[in-house]
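# Have a look; sequence and predicted model below, questions after that.
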Amino acid sequence: MWEDSRYWWVVHCKNHWFHLRQNLFFRHRIPLAETDAIAPGPAIDCRFKVVCDECGKEYVYKPSEALRSELEPPESFTPHPLFRDEDTGSHPVVAE
């Protein structure tokens, strides 16, 4: 059976205690940008900040923490600036 899956670049929220109350078995995934099943990983060479769409906390992530995940599309979504501008090479949200 063929399914029309949607893939997203995500990071796991580091605010474990907040999200633990909602789901004991899975970590909350924060969508960064839509992708497909075969696209290579994003070309990011610096740490970046992400604000959680549920708890509102901001954390710094390493490039290796960006993962591909199959998700239902969020109701309202704005791509993370770092992923939106992949082709320009500019990284406006780099963490110090």
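All right, it came through fine. Quantities reported herein were computed from a predicted structural model and do not represent experimental measurements. Numbering: from 1, shown residues only.
# Kindly export the helix or strand encompassing Val11 (C-alpha atoms) in PDB.
Using DSSP states H and E, Val11 maps to strand 7-12. The C-alpha coordinates for strand 7-12 follow below in PDB (Å, rounded to 0.1, in the frame of the first residue of the first chain):
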ATOM      1  CA  TYR A   7       9.000  14.400   5.900                       C
ATOM      2  CA  TRP A   8      10.400  17.200   8.100                       C
ATOM      3  CA  TRP A   9      13.700  18.300   9.500                       C
ATOM      4  CA  VAL A  10      13.200  18.300  13.300                       C
ATOM      5  CA  VAL A  11      15.000  18.600  16.600                       C
ATOM      6  CA  HIS A  12      13.900  17.000  19.900                       C
END
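# heads up, I number from 618, so please use that
I'll keep to 618 as the first residue from here, and by that count the last item is strand 624-629.
# So which residues make contact with that strand?
Identification of contacts with strand 624-629 by Cβ atoms under 8 Å, 6 or more residues apart in numbering yields 644-654, 659, 667, 678, 682-688, 700. Heads up, the C-betas are built off the backbone N, CA and C, glycines and all.
# That strand: what's the following helix or strand?
Following strand 624-629 in sequence, per DSSP H and E, is helix 633-637.
# Tell me the first helix or strand C-terminal of that next one.
Going down the chain from helix 633-637, the next helix or strand is strand 646-652, by DSSP H and E.
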